[in-house]
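Visitor: Pasting a predicted model and its sequence here:
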Amino acid sequence: MAGDGRPEGAGTRKGVEYSIIVPTYNERENVGALLWILRAELAALAVSYEVVFVDDNSPDGTADAVRELQAAFGPELVHLVSRPGKQGLGSAYAAGLREANGEFVILMDADLSHHPKHLPAFISSQRASNADIVTGTRYRLGGGVAGWNLARKLTSRGANILASFLLGARTSDLTGAYRLYRRDVLADLLCRTRSRGYAFQMEVIVRAQYDGRRIEEVPIVFVDRLYGTSKLGVGEYVQFARGLLGLLLEL
Ligand SMILES: Nc1nc2c(ncn2[C@@H]2O[C@H](COP(=O)(O)OP(=O)(O)O[C@H]3O[C@H](CO)[C@@H](O)[C@H](O)[C@@H]3O)[C@@H](O)[C@H]2O)c(=O)[nH]1
Ligand SMILES: [Mg+2]
């Protein structure tokens, strides 16, 4: 594997600034709307970009919906990485990175909880600061969460407070997944990250801080999905606890 996450000898498409990697599992109703809104938001910025969907053989036929988008908008804009079964978020990002051509990589959810309207802020923050990572935060002024019940709000806030305290993290939203990375920085972090599921977000940002990477934050409002259901299950809580313990012992 090359140092930037591409397989050795793989071709590159020159001139792509941003690869937007979107993991999908049962997101058939969401992928089309996401792509339309993304295109509208990015048109005004005049940046070059591509969208890489990483689908884990979703039973609802998400991959077919992405193929239709590919046929409509072209394979240079819409990429599909199709995996045989559900393998978790962390490895989905790694698979997306191998397909990505951009100098920067943006990770976002498919269900519009990560609204593309925030993308200009991510891009301008990176340009202004030359940051290695720009991470969306729900827990700074201007950020927030809409549509979650109290239990989910408390779990998310509690997990963040606990992990920040134990790990000495400076980032205000450790579990948020809406982020922009310099491509080689994400490739390097992915090589060393052990968590496969949702705990991935915390592990990556804490490792980046310990590496001395420059991290900026932009406030985002996370709006719960309209279509489909969250894939967050009990197993993810166990993995989060395991990931936290592993980092505590190691760092
Ligand atoms: N390919 C693939 N995609 C997956 C998998 N699990 C989830 N996804 C995709 O990952 C995205 C996030 O999944 P959701 O199920 O919508 O997550 P959530 O409960 O809304 O949680 C979000 O917020 C958390 C912070 O509170 C984040 O930690 C989490 O990563 C996510 O952004 C969606 O696009 C979903 O289809 C998987 O195993 N494989
Ligand atoms: Mg979601």
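Guide: Yep, it's here. Residues are numbered from 1 along each chain as shown. Ligands and ions are numbered 1, 2, ... in the order given.

Visitor: and stretch 83-94, does that touch ligand 2?
Guide: No. Figure legend: stretch 83-94 not in contact with ligand 2 (C-beta under 5 Å from the ion); closest approach 11.0 Å. For glycine as for every other residue, the C-beta is placed from the backbone atoms N, C-alpha and C.

Visitor: Need the residues that contact that stretch.
Guide: Residues from elsewhere that reach stretch 83-94 (C-beta atoms under 8 Å, 6 or more residues apart in numbering): 5, 21, 23, 25, 54-57, 95, 107, 177, 186, 190, 193, 195-198, 200.

Visitor: Same check on stretch 230-240?
Guide: 25-26, 155, 159, 175, 195-199, 202.

Visitor: Narrow the contacts of stretch 83-94 to just the buried residues.
Guide: Among those, those classed as buried by 16 or more other C-beta atoms under 10 Å are 5, 21, 23, 25, 54-56, 95, 107, 177, 186, 190, 193, 195-198, 200.

Visitor: Of the residues you listed, which belong to strands?
Guide: 21, 23, 54-55, 107 (DSSP state E).

Visitor: just to revisit the earlier point, please narrow the contacts of stretch 230-240 to those residing in helices.
Guide: 155, 159, 202 (DSSP state H).

Visitor: Which one (most neighbours) among the residues you listed?
Guide: Met202 (26 neighbours; other C-beta atoms under 10 Å).

Visitor: Quick check: chain neighbours aside, which residue is closest to it?
Guide: Leu174 (4.4 Å; C-beta to C-beta, 6 or more residues apart in numbering).

Visitor: Show the overlap between the contacts of stretch 230-240 and what lies near ligand 1.
Guide: Among the contacts of stretch 230-240, the residues that sit close to ligand 1 (C-beta under 6 Å from any ligand atom) are 25, 175, 198.
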